[in-house]
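Visitor: here is my input; please provide its structure:
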Amino acid sequence: MNKDNITKKLFEDKEVFASFINGVIYQEKKILSSHHLKEINLSTISDSFKERIRDIVQVYQTGDEIFSLYHIESQSVVDFSMVFRMMEYQAELYLKKFKENHRHREKLPPIISVVFYTGKEEWKQYRSLYECVQLSREIKPWISDYKLHVFGCAQNEIEFDNMDLNFFVWGLKYSYQDKWEYLMTKFKNKTIKRGTMKMLSEMCGQKEELKDMEERVEVTHELGSYQRRMINQGIEQGIYQGECNVIKTLSQTMSVEEISNAIQKPIEDIKRILESR
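Guide: Numbering: from 1, shown residues only. The predicted structure follows:
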């Protein structure tokens with residue numbers, strides 16, 4: 001899984017997304033709740049724009065605001081073009097909402113966009129339009145500035161109320177500083193999803209260090225919506241073949257022990273089904 005997909009997967013969880021917005025935008029105040037979030041369908045945007053939305057991690061709307069999160073990863077070089085791309089992204093979203101609301105002549109909801117930056121070096125340059133274009137003293141008053149909002153994991157000082165988000169962000173920060181003991185101490189006896197630990201491992205490539213951490217933190221496994229749907233489908237049908245298909249599908253992402261715990265079936269039975277493939 002590449003780093004863009006890791007970030008997308010992390011923020012598919014509305015609890016994680018809401019925690020991020022509360023921490024970054026609302027200064028660690030619990031203003032936004034996950035049940036307020038409604039995912040925006042991007043299928044109606046222009047075809048030319050669809051080819052350029054790979055940076056979009058998640059877009060949610062509440063009653064009054066639209067929050068969009070973007071991911072950009074760089075080992076050492078900050079992306080000069082991100083200011084222009086973000087301007088384009090926001091303009092496209094505003095146009096989408098305008099087409100939906102223009103008959104009512106209502107004011108549009110504000111679109112708040114943040115770049116989720118996982119690179120090591122601090123993003124110091126190219127954070128506004130003024131930094132990216134040549135402006136004379138006479139011309140500058142005629143050009144509106146556009147500011148880029150960047151959240152850098154490596155410089156984070158926020159304590160997020162969602163433990164998995166907190167672990168992921170602080171894990172990235174400490175990985176760049178090679179301070180794994182700090183991470184182990186900080187999250188000792190905390191409950192972290194196994195999937196979150198795996199995502200951090202894939203993001204920073206420190207599998208051995210994180211493997212050692214499993215003995216120091218309480219790791220849980222949470223089934224994804226697709227996996228839950230597969231389980232429910234097989235159980236509701238009550239058909240042996242359906243159960244076999246469920247087990248074989250889950251085995252692609254879960255261990256035999258995890259499947260056994262999830263569907264309450266003996267390990268021996270699961271092994272027998274998998275061996276019959």
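
Visitor: tell me how this protein divides into domains.
Guide: The chain breaks down by automatic domain parsing into domains covering 3-161, 225-275.

Visitor: need the ones you listed in TSV (columns: mean pLDDT).
Guide: Output for the domains of the chain, formatted as TSV (pLDDT from 0 to 100):
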stretch	mean pLDDT
domain 3-161	83
domain 225-275	70
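
Visitor: just send these back as a markdown table, with distance to Lys188 too.
Guide: C-beta: built from backbone N, CA, C; applies to glycine. Output for the domains of the chain, formatted as a markdown table (distance: least, C-beta to C-beta, whole Å):
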| stretch | distance to Lys188 |
| --- | --- |
| domain 3-161 | 15 |
| domain 225-275 | 23 |
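
Visitor: quick one: closest of these to Lys211.
Guide: Smallest distance to Lys211 across the domains of the chain (C-beta to C-beta): 14.2 Å, for domain 225-275.

Visitor: the longest helix seen in the chain - contacts with which helices or strands?
Guide: The helix that spans the most residues within the chain, counting by DSSP state H, is helix 82-101. Packing partners of helix 82-101 (3 or more C-beta pairs under 8 Å, 6 or more residues apart in numbering; DSSP states H and E): strand 66-72, strand 111-117.

Visitor: got these as CSV, with mean neighbour count and distance to Lys38 columns?
Guide: Output for those, formatted as CSV (neighbours: other C-beta atoms under 10 Å; distance: least, C-beta to C-beta, whole Å):
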stretch, mean neighbour count, distance to Lys38
strand 66-72, 22, 10
strand 111-117, 20, 14
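
Visitor: JSON lines for those strands, including distance to Asn189?
Guide: Output for the helices and strands packed on helix 82-101, formatted as JSON lines (distance: least, C-beta to C-beta, whole Å):
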{"stretch": "strand 66-72", "distance to Asn189": "30"}
{"stretch": "strand 111-117", "distance to Asn189": "28"}
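
Visitor: nearest to Val24, of those?
Guide: Using C-beta to C-beta, the helices and strands packed on helix 82-101 put strand 111-117 closest to Val24, at 6.3 Å.

Visitor: show me where this structure has helices.
Guide: Counting by DSSP H, the helices of the chain are 3-10, 14-24, 47-50, 82-101, 163-177, 180-186, 194-204, 207-213, 225-237, 240-250, 256-263, 267-275.

Visitor: please export the C-alpha coordinates of the fifth one as PDB.
Guide: What follows is helix 163-177 as a C-alpha-only set of coordinates in PDB (Å, rounded to 0.1, in the frame of the first residue of the first chain):
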ATOM      1  CA  MET A 163      -6.000   7.400  20.200                       C
ATOM      2  CA  ASP A 164      -5.300   5.900  16.800                       C
ATOM      3  CA  LEU A 165      -4.800   9.300  15.100                       C
ATOM      4  CA  ASN A 166      -2.600  10.400  18.000                       C
ATOM      5  CA  PHE A 167      -0.500   7.200  17.800                       C
ATOM      6  CA  PHE A 168      -0.200   7.600  14.000                       C
ATOM      7  CA  VAL A 169       0.900  11.200  14.000                       C
ATOM      8  CA  TRP A 170       3.200  11.000  17.000                       C
ATOM      9  CA  GLY A 171       4.600   7.800  15.600                       C
ATOM     10  CA  LEU A 172       5.600   9.500  12.400                       C
ATOM     11  CA  LYS A 173       7.200  12.400  14.400                       C
ATOM     12  CA  TYR A 174       9.200  10.100  16.600                       C
ATOM     13  CA  SER A 175      10.200   7.900  13.700                       C
ATOM     14  CA  TYR A 176      11.900  10.800  12.100                       C
ATOM     15  CA  GLN A 177      13.700  11.600  15.300                       C
END
